[in-house]
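Student: what shape does this take:
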Amino acid sequence: MVFPQVRAIILFLLVLCSFTSATAQKAPQPSPSPTPPNEEQEPVKVFTEEVRLPVVAFDQYGHYDPTLEVDDVLVLEDGVAQQVRSIRHIPANVLVLIDTGNQLGLKKPSLTHDIAQRLVRSFRDGTRLAVIQFSDRPELIQKWTIDKNEISRTLRTKLQSGKRSVLADAIVLAMTQLRDTPPGSRHVVLITDGSDSGGRITMADATKQLAAEQAILHVINNGALSLREIDRRTEAKRGGDGVQRDSNPASNPVANGDPTLPPGTTRTPSFRVASINLDSAMRRKLKEQARAIQAGEQRLKVMAEESGGQVWRADTAKDLVAQGQLVARDIGAEYVVTYRPKRPLASSKRGEYRRVEVAPRRAGLSLRSRRGYVVPAIRNE
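Tutor: Next up, the predicted model:
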């Protein structure tokens, strides 16, 4: 039997123990020393020690080779052989860059539209596409999408002609759109005659931007048709039948005293010259435009081949439209070759350019790739 006094003492002790335990649990813990407010955190630096090269492979018959393997490719960087780590296809990101400038009315907007439509329809399903048009200024008219029907509607409704062609500005805008896409997947398809009216950016700066972003440039060049139109407008055409006729044959029955000739004719015939009546200022503009087109084609050829792409051209409108399908096939057949440089990228100077050569190790195989790359800057994450 437990006496009431003893029971009261036991209950008191139990309550006291519970209170002591709870107080101990709620005791304040020492807080960590705060970071001084004037001391900045060191950012994490991320640098990818991997180079991705776009490579197109052809067999001995000029057909795309779908069987390329690591042992088939030799990569030299600044003359030093590199160890190829992988070869694979990756989804392409394609920026379609459309020149809608129509200086002097030389281009047919309908032809530019048809080339772009054929190009877009020819890409593999799943290819990411965006569209920039440029004339007086560059303009992104279609954001990234894999919906080819959406792009087709954009091409039908948003292409607008202008009086100039700011080609360099358009290339730089394209590079800003491609910057967040994976290296090795960046493509620009440029539909143009090659002339540049001059904008805020020079072609030299645009070329540097193209190299820095490691984008592949493919050019569908319609300059041949513009040059043909210039020739048509400026060419003096010989016409008539070579007979000089008197303005009033009835008043001169025997021309030049020669009774053997019909009345109103002479033995010193000349030709009527038929030509478009152009003033000297317009002729000068047309000739300047012709020189700009020719110089632009050569410049774009160098840029395209340096990047791993090429210039596609044709002499007829029908063949030019067909080039769109060929460009899409070329991009779809491209491999991406990756390697880790033996000379670390992190040791490079800012903007350093490294020369690259890609050669086949297998007989009957030919390869096309970029000729070098600019070492990318370290990114702070």
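Student: list the residues that contact the nearest residue to residue 344 once chain neighbours are set aside.
Tutor: Among residues not flanking residue 344 along the chain, residue 49 sits closest, at 6.2 Å (Cβ to Cβ, 6 or more residues apart in numbering). Quick note: C-beta positions are derived from backbone N, CA and C, even for glycine. Counting by Cβ atoms under 8 Å, 6 or more residues apart in numbering, residue 49 makes contact with 340-341, 344-346.
Student: show the buried residues in the residues you listed.
Tutor: Neighbour counting with 16 or more other Cβ atoms under 10 Å marks 341, 345 as buried within these.
Student: hey, which helix or strand in this structure has the poorest pLDDT?
Tutor: Ranking every helix and strand in the chain by mean pLDDT, DSSP states H and E puts strand 45-46 at the bottom, with a mean of 38.
Student: residue 139 pairs with what?
Tutor: residue 133 (DSSP bridges).
Student: neighbours of it, just the number please.
Tutor: By the other Cβ atoms under 10 Å criterion, the neighbourhood of residue 139 contains 16 residues.
Student: kindly report the same for residue 357.
Tutor: 15.
Student: in which helix or strand would I find it?
Tutor: Element membership of residue 357, judged by DSSP states H and E, is strand 353-360.
Student: buried residues in stretch 144-162, which are they?
Tutor: 144, 148, 151, 154-155, 159, 162.
Student: what's that stretch in contact with?
Tutor: In contact with stretch 144-162 (Cβ under 8 Å, 6+ apart) are residues 93, 96, 98, 100-102, 107, 109, 112-113, 116-117, 120-121, 123, 125-131, 133, 135-136, 141-142, 177.
Student: again with stretch 290-307
Tutor: 167, 190, 192-196, 203, 207, 210-211, 214-219, 221, 223, 226-227, 230, 310-311, 313, 370-372.
Student: tell me the helix or strand right after the helix or strand containing residue 302.
Tutor: Assigned by DSSP H and E, residue 302 belongs to helix 280-307. Counting by DSSP H and E, the next helix or strand C-terminal to helix 280-307 is strand 311-313.
Student: next secondary structure after that following strand?
Tutor: Downstream of strand 311-313 (by DSSP H and E), the next one is helix 317-332.
Student: where along the stretch 101-250 of the chain do the strands fall?
Tutor: 128-134, 138-145, 186-192, 216-221, 237-239 (DSSP state E, counting those that start in this stretch).
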